[in-house]
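Visitor: Predicted structure and sequence below. I'll ask about it afterward.
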Amino acid sequence: MSIVKIPSRTFIVGAGVSAECGAPTLADFLQPKYIDSVTKQWLVDLNRLTSVVYTKSASPNIEMILSIVDYALARKENIADLGQDDLMMIRSSILNIITEILIQADFNLRKQLGLDACFSDPYVDLGKKCKSFDREVLNPTDPLCKLQFDDPTRDISGVASGYRDTYFKLVRCLNSGEHIISLNYDLFLDYALESQEFYYRNTTDEESPLRASPTYGVKCHGLPEVLAVSEGKHWVRTLGGFSVKQSDPDLKIGVLKIHGALNLGVCSSCKEPIMTGVLPVSSAMSYLAKLPYNLSACCSDCAPRMLIVPPSWSKDYTSHVLEDISRAAIKAISCSDEIVFLGYSFAESDYQIRYMFNRGLAYRRGRPWDKVVVVDPLVERTSITYEKFFGKIEARKEKASDYIRTLDTRWL
């Protein structure tokens, strides 16, 4: 009897997927519905620049503005009366605007999923149901499974519906050895990965059929480990993806965020990477600061800063953490049979992604992938760019959620 080999896939997830969950694309960051809730001083700093480099009728996006700042800093040039120190402060404000808007989008999704009470002080709120601190169950995703997303009679709408139809369903369609390479900073994918453990958990005390722990392609210190979690959850342990413990110990799925993430940081003191689970770095560290005793994820002077690659023409990938993630992504690309692009334009200015695929082709000795799928509601605009690079592609004019709906659910 012949054995049919299931093609291995790597999914490239762009901003279009997270947009269905309520996060803005680069073109939308400065829209009133996002910008109105941002700290006013950061907007004042931003306006100091835009008022002198753009006309009142112009509508630049956040990437264009940040690129101007980075270009001036790289050339050590002033802009009008804005000196280098002013530009550095404006740059910091722009990054704060980006992260604050994404954290707000994260909060909005949590609220619709019934997790809003856990946002400001998550470990404490969830720990109230435990008898002692060392028995705390740090499960911000536990309510996800109570939503019973597969119940057709349950009425959910808005960003919760978008999350269900994208990330939640996508991770259930993956096979062992497949990868997701995300270009987004948000935590929506992390929620979906964490929810799988509970979705497949046995109701008895016997060994769980599936236990998943997402990582970012690097060995990191994880706050859940520091907090002595006794529930068997092990975030961020090994290189190359998140492992699923079942009868097959080699069942693994790779999750690589090559632009960093809200929950990935680097300690300013010891330079070690730190992962804060399904919480932004700032929220996790605020929690640690409230404890009556000192806990450290990496060193006695633990002071993590969020690790993200700013959306600018001069994207900085020089961090050793990001280099490790990039190498893991290139390996994943080179070993895949099929590549699926979801909600990503493959812009010619995004040289890192193109370089990764050039390196992947080099490892494959120029052998093309069996299939390259491009999923985009505006695919007629982006398909030419893809075809110039890959040649033949399968263009799908639809949203990511519509495409994901056509995939087979593997873990049932």
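Guide: Noted; the coordinates are in hand. Numbers count the residues shown, from 1 in each chain.
Visitor: what about the protein, any weak spots by pLDDT?
Guide: For the chain, the stretches with pLDDT under 70 are 1-5, 114-157, 194-252, 287-288, 290-297, 317, 409-412.
Visitor: and the top strand by length along it, which strands flank it?
Guide: If each strand of the chain is counted by residues according to DSSP state E, the longest one is strand 260-267. In the sheet, strand 260-267 lines up against strand 273-275 (antiparallel), strand 304-308 (antiparallel) (DSSP bridges).
Visitor: Out of the ones you listed, which one sits most buried?
Guide: When you average the neighbours per residue for each of those (mean count of other CB atoms under 10 Å), strand 273-275 leads with a mean of 27. Placement of C-beta: from N, CA and C, glycine included.
Visitor: Going by residue numbers, what spans are strands in this protein?
Guide: All strands of the chain, identified by DSSP E, fall at 9-13, 179-182, 212-213, 221-222, 242-244, 252-257, 260-267, 273-275, 304-308, 338-342, 371-375, 394-396.
Visitor: picking up where we left off before, can you lay out the strands paired with strand 260-267 as TSV showing distance to residue 89?
Guide: Below are those laid out as TSV (distance: least, CB to CB, whole Å):
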stretch	distance to residue 89
strand 273-275	26
strand 304-308	16
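Visitor: Out of these, the one nearest residue 339 is which?
Guide: Residue 339 lies closest, by CB to CB, to one member of these: strand 304-308, at 24.1 Å.
Visitor: Just the C-alpha atoms of the closest one, please, in PDB.
Guide: Taking C-alpha atoms only, strand 304-308 is exported to PDB below (Å, rounded to 0.1, in the frame of the first residue of the first chain):
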ATOM      1  CA  PRO A 304      13.400  44.200  29.900                       C
ATOM      2  CA  ARG A 305      12.600  46.400  26.900                       C
ATOM      3  CA  MET A 306      10.100  45.400  24.300                       C
ATOM      4  CA  LEU A 307      11.800  43.900  21.200                       C
ATOM      5  CA  ILE A 308      10.100  45.000  18.000                       C
END
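Visitor: how is the protein carved up into domains?
Guide: Domain ranges of the chain: 9-22+118-404, 33-99, per automatic domain parsing.
Visitor: Could you work out the end-to-end span of the shortest one for me?
Guide: Across domain 33-99, the terminal residues are separated by 15 Å (CA to CA, to the nearest Å).
Visitor: now swap in the first one and tell me
Guide: Taking CA to CA as the measure, domain 9-22+118-404 stretches 13 Å from start to finish.
Visitor: could you list every residue that touches residue 405?
Guide: With contact taken as CB atoms under 8 Å, 6 or more residues apart in numbering, residue 405 is in contact with 165, 169.
Visitor: Residues contacting stretch 371-391, please?
Guide: Counting by CB under 8 Å, 6+ apart, 7, 16, 337-348, 354, 357, 368-369, 392-400, 403 sit against stretch 371-391.
Visitor: how about 10 Å then?
Guide: Applying CB atoms under 10 Å, 6 or more residues apart in numbering, the set of residues contacting stretch 371-391 from outside is 7, 9, 11-12, 14, 16-17, 336-348, 353-354, 357-358, 361, 368-369, 392-404.
Visitor: Let's see which of those residues end up in helices.
Guide: Judged by DSSP state H, helices contain the following of the contacts of stretch 371-391: 16-17, 353-354, 357-358, 361, 400-404.
Visitor: between the strands paired with strand 260-267, which gets nearest to residue 32?
Guide: Closest among those, once you apply CB to CB, is strand 304-308, at 24.0 Å.
Visitor: Was I right to think residue 264 contacts residue 272?
Guide: No: using CB atoms under 10 Å, residue 264 is not in contact with residue 272; the gap is 11.9 Å.
Visitor: Of the strands paired with strand 260-267, give the one that comes closest to residue 255.
Guide: Smallest distance to residue 255 across these (CB to CB): 11.5 Å, for strand 273-275.
Visitor: isn't residue 271 right up against residue 301?
Guide: No: under the criterion of CB under 10 Å, residue 271 makes no contact with residue 301, lying 11.5 Å away.
Visitor: Please state the offset of stretch 45-61 from the chain centre?
Guide: Remark: stretch 45-61 is offset 29 Å from the chain centroid, using CA atoms, centre = their mean, to the nearest Å.
Visitor: With stretch 77-92 instead?
Guide: Stretch 77-92 sits 30 Å away from the centroid of its parent chain (CA atoms, centre = their mean).
Visitor: Tell me the buried residues in stretch 330-348?
Guide: 330-334, 336, 338-346 (16 or more other CB atoms under 10 Å).
Visitor: Specify which member of the residues you listed is nearest to residue 159.
Guide: Ranked by distance to residue 159 (CB to CB), the buried residues of stretch 330-348 are led by residue 343 at 15.0 Å.
Visitor: How about the contacts made by that closest one?
Guide: Residue 343 sits in contact with 12-20, 25, 166, 183-184, 375-377, 399-401, 403, where contact means CB under 10 Å, 6+ apart.
Visitor: if we go to 6 Å?
Guide: Residues in contact with residue 343 (CB atoms under 6 Å, 6 or more residues apart in numbering) are 14, 16-17, 400.
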